[in-house]
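>>> dropping the sequence and predicted coords here.
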Amino acid sequence: MLDLVRDLKPISYVKAHTTEIVKQVNRNQTPIVVTQSGEAKAVILAVENYQKLINAVNLAKLINLAEKDVEKGRVVSHKEAKKYFEKILNRK
């Protein structure tokens with residue numbers, strides 16, 4: 001969970017303590033919000049957490065597309081889908 005006291009750092013601090021910041025991000029698994037002139041400008045986070053974020057966004061996009069298909073009636077029954085995939089898998 002983001003702690004605004006611990007995890008909010010001015011850019012000058014990040015520049016001077018880059019190694020420490022990277023260690024903290026990986027150790028605590030929480031992002032660091034980088035400020036410039038008192039405004040939040042960037043976020044530093046562990047690569048694994050970035051990948052999870054990207055995966056979550058991509059999943060949300062797929063769900064959104066699926067919901068649109070359902071709204072437009074572009075659906076098939078489980079039985080039809082099963083036949084379709086069995087046909088494809090048996091081709092290989």
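Great, that's in hand.
>>> break this structure into its domains for me.
8-45, 48-91 (automatic domain parsing).
>>> of all these, which lies closest to Leu2?
domain 8-45 (5.9 Å; CB to CB). Glycine gets a C-beta too; all of them are placed from N, C-alpha and C.
>>> for that closest one, which residues meet the burial criterion?
Within domain 8-45, the residues scored as buried using 16 or more other CB atoms under 10 Å are 9, 14, 21, 24-25, 30-35, 44-45.
>>> list the contacts for the residue nearest the centre of the chain?
In the chain, the centroid-proximal residue (CA atoms, centre = their mean) is Leu53; its distance is 1.0 Å. Contacts for Leu53 (CB atoms under 8 Å, 6 or more residues apart in numbering) come out as Leu45.
>>> what helix or strand is it on?
In this structure, Leu53 is located in helix 47-71 according to DSSP states H and E.
>>> avg pLDDT for that helix?
Mean pLDDT, helix 47-71: 97.
>>> neighbouring contacts of the helix or strand following that helix?
Scanning forward in sequence from helix 47-71 by DSSP H and E, the next helix or strand is helix 78-91. Here helix 78-91 makes contact (CB under 8 Å, 6+ apart) with Val76.
>>> just the CA atoms of helix 78-91, as CSV, please.
Taking Å, rounded to 0.1, in the frame of the first residue of the first chain, the C-alpha atoms of helix 78-91 are listed here in CSV:
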residue,chain,number,x,y,z
HIS,A,78,-20.8,-23.5,-25.1
LYS,A,79,-21.6,-26.5,-27.3
GLU,A,80,-20.8,-24.5,-30.5
ALA,A,81,-17.6,-23.1,-29.0
LYS,A,82,-16.5,-26.6,-27.9
LYS,A,83,-17.1,-28.0,-31.4
TYR,A,84,-15.2,-25.1,-33.0
PHE,A,85,-12.1,-25.5,-30.7
GLU,A,86,-12.1,-29.3,-31.0
LYS,A,87,-12.1,-28.9,-34.8
ILE,A,88,-9.2,-26.5,-34.6
LEU,A,89,-7.2,-28.6,-32.2
ASN,A,90,-7.7,-31.7,-34.2
ARG,A,91,-6.2,-30.1,-37.3
